[in-house]
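# turn this into a structure:
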Amino acid sequence: MPTPKHNEQFYLTFVTFLVEDHLFRVPRDTLESQSDVFRDLFLLPVQANGAEGYSDTNPIVLEGIQREEFQSLMKVLYPMPFTRLSPSPDATLEEWIGILKLSKMWSFTRVQEFAIQQMEPMLAMRPLDKVVLAQDYGITEWLVSGLLQLARREEPVGLEDVQKLGLDTALKLADIRESSHSTGTMPLSYYMHHMTGDRSNVVTAIGPRGSTSCDFTNRIRQVFNLQE
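Residues are numbered from 1 along each chain as shown. Have a look, this model is predicted:
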């Protein structure tokens, strides 16, 4: 009888992690296939006292990682009928932020894209949080759309904006909003000049502040130096 071979798809190797005070034991193959960071980790030479992650007594210790965030990421990577996260009230914005954080840290590109997709409707009416997350995780499309919402609102830039966005971003937002000149009840023309005074570089947007029809997109891209 020939020697049995390991099935390429369903002969799984498990790995054990210690996150805070909890042990997690999950299939290693998924981590390797979706993350270059974990793939490289598993290629490290085995120590004399045995490979880390193959037993509860010698787990891979993930320092500085929160158990709740790691557990949420595992629910996405290893979905099961009663544990997987889905676009429902049961999956909170905080959970998805944790997933986005770890997926970016460990280069789970597909998970990161999935998290962004699920968070989009949750942030539709929260432009301030949207801009903060855009800055933290480098999501350009969120930065533009969030700043556009903030530029269009009636309320001026306030203390909460400064506390969440930081002074530099808040001042840029104020510049976008306040570089306008009113002409009575007629539409406003929002514009700016470069410090050089070169009028060929004027960026304009037409419409009254607070109007959802006013498009500051080009102005935002210029002030924040964003590529098309």
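# now Met122: how far from Gly146?
Met122 is 13 Å from Gly146, where distance means CB to CB, to the nearest Å. C-betas here are computed from N, CA, C, even on glycine.
# swap that for Arg110, sorry
Look at Arg110 and Gly146: by CB to CB, they are 24 Å apart.
# in terms of neighbours, single out the busier of the two.
A count of neighbours by other CB atoms under 10 Å puts Gly146 above the other of Arg110 and Gly146, at 25 against 13.
# could you pull up the residues touching that one?
Leu123, Pro127, Leu128, Lys130, Val131, Ala134 (CB atoms under 8 Å, 6 or more residues apart in numbering).
# for the last one, give me its contacts.
Taking CB under 8 Å, 6+ apart as the contact definition, Ala134 lies against Thr140, Glu141, Trp142, Leu143, Gly146.
# now the buried members of these.
Trp142, Leu143, Gly146 (16 or more other CB atoms under 10 Å).
# can you add secondary structure and pLDDT and give these back as a markdown table?
Listed next are the buried ones among the contacts of Ala134 as a markdown table, based on DSSP: H, G, I helix; E, B strand; the rest coil; pLDDT from 0 to 100:
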| residue | secondary structure | pLDDT |
| --- | --- | --- |
| Trp142 | helix | 96 |
| Leu143 | helix | 96 |
| Gly146 | helix | 96 |
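# ok, Ile65 - how many residues close by?
Counted with other CB under 10 Å, residues neighbouring Ile65 total 19.
# contacting residues for it?
Counting by CB under 8 Å, 6+ apart, Ile65 makes contact with Val19, Glu20, Leu102.
# state the distance from the first one to Leu77.
Spelled out, it's Val19. To Leu77, Val19 is 14 Å away according to CB to CB.
# what's the answer for the last one, then?
Relative to Leu77, Leu102 is positioned 10 Å away (criterion: CB to CB).
# overlap in contacts, those two.
In contact with both Leu102 and Leu77: Phe108, using CB under 8 Å, 6+ apart.
# tell me the mean pLDDT for the helix or strand Leu41 falls within?
Assigned by DSSP states H and E, Leu41 belongs to helix 36-42. Across helix 36-42, the average pLDDT comes to 94.
# just the C-alphas of it, formatted as PDB.
Output of helix 36-42 as PDB, limited to C-alpha atoms (Å, rounded to 0.1, in the frame of the first residue of the first chain):
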ATOM      1  CA  ASP A  36       3.000  38.600   4.000                       C
ATOM      2  CA  VAL A  37       3.800  39.500   7.600                       C
ATOM      3  CA  PHE A  38       2.700  36.100   9.000                       C
ATOM      4  CA  ARG A  39       4.200  34.300   6.000                       C
ATOM      5  CA  ASP A  40       7.600  35.800   6.900                       C
ATOM      6  CA  LEU A  41       7.000  35.100  10.600                       C
ATOM      7  CA  PHE A  42       6.500  31.400   9.900                       C
END
